[in-house]
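Asker: no sequence for this one, just the structure:
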């Protein structure tokens, strides 16, 4: 039975239109139009931390069909710095990137990179990595920086606590994130050009998540992120939180799961109704010589690939796997093995492949949703990944997908 | 096979001199790199060196799309591990062009990028042991090896194609000083003095290797043979006689139809550590010091000393490949003035690695105009240079390369500052473009007879070394690490540190 599509949501800097819904699961395909063009979801956003995607030119990224990438506020705030960004006219101009950019708030790096960050009601207090002098990142400052960057999606500063934290600190952080959202909304100078996203906090406590979802919804931001996950929790706990939040959140707003990038996680999350993902994993693992393929990770530094003259992934349409006759580079596993960890071009080539894999995975999920064959797509995905061996399917994925009416173990004869 | 395609001495002459200079040995010409098609290189020009089959910082896709490559230089030692015949390249049965995915340029006159094959990398790392009569000492990613000459020939037969030029192995007396020998009172500066015994060995080995190479390959592909560095023309007369088929113990004289080119090398290497003060003293005491600097002896045939006037007439109209390390555009001009036709382009990658973006052109006016002016840097230094932080102009005004049309100085400065790999990709694209423009201007100047003036003018206009630039840093790769004399200190500081220790 077909559910009605949610109404088109139009805010000052974004039009969000769900164009198709899966008739079993919560998966949906949507068109998200922002100042720098259209983004078709579900979408994986590659992370160009310091305004460059690890060795790829913006043109190469564009050629892969990428329409939105991430920059990190914290890194751009340090280098080249706010003053330079203001003079140049923002991050699009800095990196000559014609499409959309999303920036995080900088809060996560405070916690992940700097051990001594202390969080008060005012903001995050930390020591400058330049000279060790005390500094303060407030919601106002984070938004000001993101205004200077000029990204199309900006994130609120949130009070991040480690996912596995329990007790009053979680509650405090959740309520503080709501108060900080109010300060961020007030501080945003460009609501007509930059979409501020709220971030749902509350760790693994579903009751806190419920309160947070309700409060954030009241603020009516153009989009909403589910934060405070991917921090070492079990996958089934992750799924419970995401499923819980997508049930509560409005259906006509984009939902973004921060820091999620493993193929399985993304597919299960799409089934639960998530639209946007980002992760450094595909680009980072490329630099370690790992290729992401439909059949799993291939570590091309392993000696067994030194004389393997097949493409990195058979049938892959990325620029490195496509044959020379087909306009690609026709790179072999042996050549990647030859370059891996010795010449940077080896990393560039694998980065091209991995980013293509992620983008193509989301594109094919979208096609499946639009054709209303998404459950079969999910089944095929797991079947290929585990070579048809259902006993190897991860329990958490089976259970999470069952929650959204996709039964991986169902007999298909 | 029709009579037209049968190679004769006349139609196989691959190098044609089109223009010479009255006041220098510089010349302009064309080098046919293929026996079967019309692929040629206009000289003077440069070969772009590869590292493990890839042009540093550039994926094959960028290479075909955004860079105009006159020719590539590939060192076979990059592809052999413990045993050449069991290396993946050999097992693949591939041509080298396919193995490393070199594709024809998207918009170019020539169908394929010419590849020059040599046993060793351009600018090779000195070895720990000398070569033997039948093996060449090489450095592979597995360490020092002896590469049998016969295996080099076998591998070349497999990997060459119609647009490949092959270079004969050169016994280069370029060796590292063993760690223990330093400061032990023994004269340890190993490489520059070639004694009598050594020179006889060099002649015999190179004669054997070069004549076999010619015999095996010159029917199919152009073959470049070395001049023996470090010894005079007269000392290697026997070698020339052999090459020219006058007196040859290894092959029948008539089999050698043609020699396509001569390669000159140098007996210095940027990889050899600077001699320490105490070593200089040791050398002094042993009375050897005057022997270690033969730069001005024109009877020698190293890249920096060679005088092509002394070469046998039959070898005058062949292409001359200068394999020595050029330390920037000034060196390149000097190499061409000395009569080289092709140089290795390591200086381009070295400049890129050092964070330099070229800004030089060959001047068209007279040198004296620039007297009294402060000399210009030949490149922009993007390392720790805040003056480019908000500069939205291209690296070089009016430059038509991909980097300059799509990006600006501020981005390059940011990427360098952030240690992002893309910085080096963009600089490399630009620097290769500028090098191409430079080569083209040099060729035009030779045609117009103004080359000597232009070269002098260039030296008046630009400083030879940019102050504060440390070549090789900060993107030092494994093979650039000194193999002797201890480990270099870590060059890249950690970007983030644990501050809890400070509190």
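Answerer: Nice, I can see it. Only a predicted model underlies this, so the values are computations on that prediction, with no experimental measurement involved. Numbers count the residues shown, from 1 in each chain, chains lettered A, B, ... in the order given.
Asker: end-to-end on stretch B:304-314?
Answerer: 22 Å (Cα to Cα, to the nearest Å).
Asker: in that stretch, what's buried?
Answerer: Neighbour counts over stretch B:304-314 (16 or more other Cβ atoms under 10 Å in any protein chain shown) mark B:304, B:305, B:306, B:308, B:311 as buried. C-beta here means a position set from N, CA and C on the backbone, and glycine is covered the same way.
Asker: what residues are up against whichever residue of the stretch 151-300 of chain A sits closest to chain B?
Answerer: The nearest approach of the stretch 151-300 of chain A to chain B comes at residue A:287, 9.2 Å away (Cβ to the nearest Cβ). Contact partners of residue A:287, counting by Cβ atoms under 8 Å, 6 or more residues apart in numbering or on different chains, are A:54, A:347, A:350, A:351.
Asker: for the closest residue to the last one other than its chain neighbours, what are its contacts?
Answerer: Distance criterion Cβ to Cβ, 6 or more residues apart in numbering or on different chains; nearest residue to residue A:351, sequence neighbours excluded, is residue A:286 at 4.2 Å. Listed by Cβ under 8 Å, 6+ apart, the contact partners of residue A:286 are A:54, A:347, A:350, A:351, A:353, A:354.
Asker: need the residue closest to the centroid of chain A.
Answerer: Taking Cα atoms, centre = their mean, the centroid of chain A lies closest to residue A:278, which sits 1.7 Å from it.
Asker: secondary structure class for it?
Answerer: strand (DSSP: H, G, I helix; E, B strand; the rest coil).
Asker: circling back to that earlier point, how about a markdown table for the contacts of residue A:286, with pLDDT added?
Answerer: What follows is those, written out as a markdown table (pLDDT from 0 to 100):
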| residue | pLDDT |
| --- | --- |
| A:54 | 93 |
| A:347 | 96 |
| A:350 | 97 |
| A:351 | 98 |
| A:353 | 98 |
| A:354 | 98 |
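Asker: now render those as CSV, adding secondary structure and neighbour count.
Answerer: What follows is the contacts of residue A:286, written out as CSV (DSSP: H, G, I helix; E, B strand; the rest coil; neighbours: other Cβ atoms under 10 Å in any protein chain shown):
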residue, secondary structure, neighbour count
A:54, coil, 23
A:347, helix, 24
A:350, helix, 29
A:351, helix, 27
A:353, helix, 24
A:354, helix, 26
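Asker: from these, which two are the most distant?
Answerer: A:54 and A:353 (12.8 Å; Cβ to Cβ).
Asker: ramachandran coordinates for residue B:146?
Answerer: phi -100, psi 120 (degrees, to the nearest 10).
Asker: contacting residues for it?
Answerer: B:129, B:131, B:132, B:135, B:136, B:137, B:138.
Asker: wait, doesn't residue B:87 sit right on residue B:80?
Answerer: Yes - counting by Cβ atoms under 8 Å, residue B:87 sits close enough to residue B:80 to count as a contact (4.6 Å).
Asker: neighbour count for these two, which is higher?
Answerer: It is residue B:80, of residue B:87 and residue B:80, that has more neighbours when counted by other Cβ atoms under 10 Å in any protein chain shown, with 24 against 21.
Asker: from residue B:419, how far out is that one?
Answerer: To residue B:419, residue B:80 is 32 Å away according to Cβ to Cβ, to the nearest Å.
Asker: point me to the residue of the stretch 101-250 of chain A nearest chain B.
Answerer: For the stretch 101-250 of chain A, Cβ to the nearest Cβ, closest residue to chain B: residue A:127, 4.5 Å.
Asker: from memory the residue nearest to the centre of chain A sits against residue A:259, does it?
Answerer: Yes - contact status for residue A:278 versus residue A:259: in contact at 6.8 Å, counting by Cβ under 8 Å.
Asker: the bottom helix or strand of the chain by mean pLDDT?
Answerer: Using chain A. One helix or strand of chain A scores below all others by mean pLDDT, DSSP states H and E: helix A:107-113, with a mean of 71.
Asker: you looked at the wrong chain, it should be chain B
Answerer: Ranked by mean pLDDT, DSSP H and E, the weakest helix or strand in chain B is helix B:277-285, scoring a mean of 51.
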